[in-house]
Structure formats: C-alpha cells, structure tokens
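**Student:** sequence first, predicted coordinates after that:
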Amino acid sequence: MKLKDTKILKIDPNNIEIPELHEAANILSNGGTVVFPTETVYGLGANALDEVAITKIYEAKGRPSDNPLIVHISSIEAIDKIAQNISDKAKMLMDKFWPGPLTLIFKKSDRIPQNVTGGLDTVAIRMPSHPIAKKLIELSQIPVAAPSANLSGKPSPTREEHVLQDLEGRVDVIICGGSSEVGVESTVIDMTTDIPMILRPGGVTKEEIEEVIGKVQIDPGILMDQRNNIKPKSPGMKYTHYSPEAEVIMVNGELNNIIEKIEDIRKEKELSGYKIGIMATEETKSKYHGGTIISVGSRMELKTVASNLFKTLREFDEKKVDLIIAEGFQDSGMGQAIMNRLTKAAGYNIVEA
Ligand code: TXA
Ligand code: MG
C-alpha cells in the first residue's frame, strides 16, 4: 500500500558531490526518513536525536519498538555526544575496523531518546564505510539511527530493487546506490562488560576482533535453538528474521552427507507436490538433479556467500518455490554470520545430515 510519495534518487557511489545528496541530508536533519546504501545492507535512517522522527522508522518497517536501533556516525568526535565510558579496547576496535561493518555498544548519553534504544541504557554505534552513507551523515550533521531497510521479518535488502519492493511509499526518500558488498549486517559487540561480548556475528569476524583485543565472549543465545530457552541478549535476535515467503530448511553436517540428505528431502517433498529450491554453492551445484538450484557463492571464499545470501533468499521467492533447502556452512570465520542468518531464516528448522 502506498502511504506517501517517496522520492527516488539514483546516486553513483563514485560521484557523490551532487545537490541531490544535500537535499536528502536536509530531509534527514528535518525529521524525515531516508533509505541509503551501506557496505553491509541498506539502512532506513532518521535523526537519532529526534524522538518523533524515530517513530517513523518503526512505522515504516512495521517493527516492534522494543528492538533498538544502531546509530550511525561519520566522525569519531560524534561519539562523545551520544555515548559514555569508551574503553581502550573500544578505541582499538574503532581504530582498526571503522569505518566498516562493526557496531559497538556503550552506555548511552541522555541526548539519545529512549525509543532509539528500546528503553535500554546502552546505545549501539557504527561508522559505515560506504561513500554515500558517509557523505549523507556528514552533510546532515546529525547521528543517524538506521535499522536494515526491509519490512520487519524479511531478508535484509542488499540491492536497490529490494528496498523499492519493501519501502517505496513508506519513506520520504530512497537513495539507490548499487549493491551492498558485505551482504550481511555489521557485527554487534557489547563493550560495556570487562570481556566484550558479541551479540550478533556479522561483517567483521570474531577471529579478526580477537586479533586486536584478545578473547571475547559470544552470546550463547546466538546460534542456539530457541527451544533450549537461552534468550539472546540482543533484543532484535528474538524476533522472526530474514524470512522469505517460502519455508526454509537448513541441512547441516559433512558436505557429501548434506548433498545426499538434500536430494532425499527434495524427492520426498516433490512427491507431495512441493516446488523445491536448493540453495547450493559453486562447489556443489552440479550434484543436484532436480528443483530450482541457485548457487549462493563459493565455499572457498565465504565472503561471496555472505554477499549473495539475502539476495538469493529473495530470488527463490521470485521463482515461487514452496520450500528452500539450504546447505549449512562451517560455524567459524564469516561462516558464523552466515549460519546465524540461515538459522533464523529457517526458523531453527535444521536437519542434521
Ligand atoms: O549493518 C548493519 O548493522 C545495518 C546497517 C543499516 O548499518 N543495520 C542493522 O540494524 O542491521 P538492525 O536494526 O536491523 O539491527 C540492529 C541490531 C539488532 O539485533 C538490535 O537488537 C541490536 O542491533 N542492538 C541495537 N542496539 C542495541 C543495544 N543497545 N543493546 C543490544 N543490542 C542492540
Ligand atoms: Mg535488521
């Protein structure tokens, strides 16, 4: 349903010195909503200091308002106005990974309204590296709160067509600026505890973080089955997420067994009339003998899988499959973020091969 006139701006990330970006920045600082590309996924931005503007984000996404937002900045100095107690470890991480796909959680300052943080006394902050995101925030001269620019529950948008599908008619501006390269959201890490804790695996791996600051914890709720009753600490992790229209099953185990198991499930489900999609990889795609087979990337280069993951889930919907059977991956390095998103997309529907 179209609720408002959305201005659509096509901007080339290599040519950002243009009046259109100033126009979008003005709309942002005056309380409007602007969708913009980042290196992870597209974001739906509003002024993080403006409580009324923030309500428009939750409305546009249809998102529960206890799910806190990430505040995006374009310079390190901006952090002092919105967060407190920045530890040395945090400074080392910012030094190494900003701008980039890492979000740090700090004690919040009073300037950040309660509806940005879902009532928490902490705030999540990230400095994106995408040229359009950086410039937009810089021009708007405000911290920009931005969740992923999808309708709540849908796979996050990594391509222009995804944001147009989900949010045209629901926001003031959509900036189309090409594909998001990383493809999964930022890693969220809580810096308020002695040993920092990863609350969401993402574009920066646990191993990369530990190289800089030593041992970190990982929220036990992240990959565990909800039925184990371990509640994820990051409020956003408890909701339905990344769900295409089709049902999703993930098959986990040793690769040859995965392939065999997927073929078994496919044949059985086809007998009951299901249209099957198989989310395969470059290395395995020729091993399947039926169904709609899409390779999500290469197992040798998991970054390619991350980059294509959400796009591929949406592609299966376009092909109108009833069931997506997805191969599992290793649970380390970039595999950790991929497995986390797939586990959630599958609604914890995981089969051991
Ligand atoms: O890559 C990204 O992070 C993208 C782009 C647009 O920057 N943004 C994004 O935002 O993924 P969103 O809202 O879809 O996810 C934010 C995550 C949620 O899981 C939320 O619960 C968690 O960060 N979060 C935010 N503030 C938090 C806080 N104060 N404490 C714990 N978790 C928090
Ligand atoms: Mg999201």
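**Tutor:** Ah, there it is. Numbers count the residues shown, from 1 in each chain. Ligands and ions are numbered 1, 2, ... in the order given.
**Student:** tell me the buried residues in stretch 148-161?
**Tutor:** For stretch 148-161, the neighbour count (16 or more other CB atoms under 10 Å) marks Ser148, Ala149, Asn150, Ser152, Lys154, Pro155, Ser156, Pro157, Thr158, Arg159, Glu160 as buried. The C-beta positions use only the backbone N, C-alpha and C, and glycine is treated the same way.
**Student:** which residues touch the fifth one?
**Tutor:** With contact taken as CB atoms under 8 Å, 6 or more residues apart in numbering, Lys154 is in contact with Asp166, Tyr242, Ser243, Pro244.
**Student:** again, only using 6 Å
**Tutor:** Under the criterion of CB atoms under 6 Å, 6 or more residues apart in numbering, the contact list for Lys154 is empty.
**Student:** re the thing from before, from the buried residues of stretch 148-161, which is closest to Gly119?
**Tutor:** Gly119 lies nearest to Ser152 out of the buried residues of stretch 148-161, by CB to CB, at 18.0 Å.
**Student:** does the closest one sit in a helix, a strand or a coil?
**Tutor:** Taking DSSP: H, G, I helix; E, B strand; the rest coil as the rule, one finds Ser152 in the coil state.
**Student:** mind checking pLDDT for it?
**Tutor:** For Ser152, the model assigns a pLDDT of 90.
**Student:** the chain should start at 47 in everything you say after this.
**Tutor:** Yes, from this point I'll number from 47; that puts the last item at Ser198.
**Student:** surely Ile100 meets Thr163?
**Tutor:** No: in this structure, Ile100 is not within contact of Thr163 by CB atoms under 6 Å, at 9.9 Å.
**Student:** tell me the one of the buried residues of stretch 194-207 nearest His176?
**Tutor:** Checking those against His176 by CB to CB gives Thr204 as the nearest, at 11.8 Å.
**Student:** quick one, phi psi at that closest one?
**Tutor:** phi -120, psi 0 (degrees, to the nearest 10).
**Student:** need the contact list for the residue lying closest to it once chain neighbours are set aside.
**Tutor:** Once flanking residues are discounted, Thr204 sits nearest to Ser226: 4.2 Å by CB to CB, 6 or more residues apart in numbering. Contact analysis of Ser226 by CB under 6 Å, 6+ apart lists Thr86, Val87, Thr204.
**Student:** so where do the helices sit in this structure?
**Tutor:** Listed in chain order, the helices of the chain (DSSP state H) span 65-75, 97-107, 125-128, 134-143, 177-186, 206-213, 252-259, 301-317, 348-364, 380-391.
**Student:** now do the second one: everything it contacts.
**Tutor:** Just to be clear, that refers to helix 97-107. With contact meaning CB under 6 Å, 6+ apart, helix 97-107 is reached by 77, 79, 90, 92-93, 111, 159, 161-162, 191, 198, 216-217.
**Student:** and if you look at stretch 318-332?
**Tutor:** 305, 312, 315, 334, 337-339, 341-342, 344-345, 362, 367-372.
**Student:** for ChimeraX, write the select line for the buried members of these.
**Tutor:** Selection of buried members from those for ChimeraX, criterion 16+ other CB under 10 Å:
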select :305,312,315,334,337,338,339,341,342,345,362,367,369,370,371,372
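**Student:** next one: Ala191 relative to Gly164, how far apart?
**Tutor:** 11 Å (CB to CB, to the nearest Å).
**Student:** so which of the two has more stuff around it?
**Tutor:** Per other CB atoms under 10 Å, whichever of Ala191 and Gly164 has more neighbours is Ala191, with 28 against 16.
**Student:** contact partners for the more buried one?
**Tutor:** Ala92, Ala94, Ile100, Leu115, Val117, Val162.
**Student:** please apply the same query to Met237.
**Tutor:** By CB under 6 Å, 6+ apart, the contact list for Met237 reads Ser133, Ala136, Leu150, Ile151, Phe152.
**Student:** need the residue in this structure that's farthest from the chain's center.
**Tutor:** In terms of distance from the mean C-alpha position of the chain, Leu317 ranks first, at 35.6 Å (CA atoms, centre = their mean).
**Student:** just the pLDDT for Met283.
**Tutor:** 56.
**Student:** filter the contacts of helix 97-107 by proximity to ligand 1?
**Tutor:** The subset of the contacts of helix 97-107 within reach of ligand 1, by CB under 6 Å from any ligand atom, is empty.
**Student:** in PyMOL, how would I select just the buried ones from those residues?
**Tutor:** Remark: buried members of these, expressed as a PyMOL selection using 16+ other CB under 10 Å:
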select buried, resi 79+90+92+93+159+161+162+191+198+216+217
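**Student:** by pLDDT, give me the weakest of the contacts of helix 97-107.
**Tutor:** Minimum pLDDT across the contacts of helix 97-107 is recorded for Ser111, with 76.
**Student:** dump the residue contacts of it.
**Tutor:** Tyr104.
**Student:** for Arg387, what are its contacts?
**Tutor:** By CB under 6 Å, 6+ apart, the residues touching Arg387 are Tyr288.
**Student:** so the residue nearest to Gln382 when sequence neighbours are not counted versus ligand 1, what's the distance?
**Tutor:** Counting by CB to CB, 6+ apart, Pro247 is the residue found nearest to Gln382 once chain neighbours are left out, at 4.2 Å. Computed as CB to the nearest ligand atom, to the nearest Å, the Pro247 to ligand 1 distance reads 11 Å.
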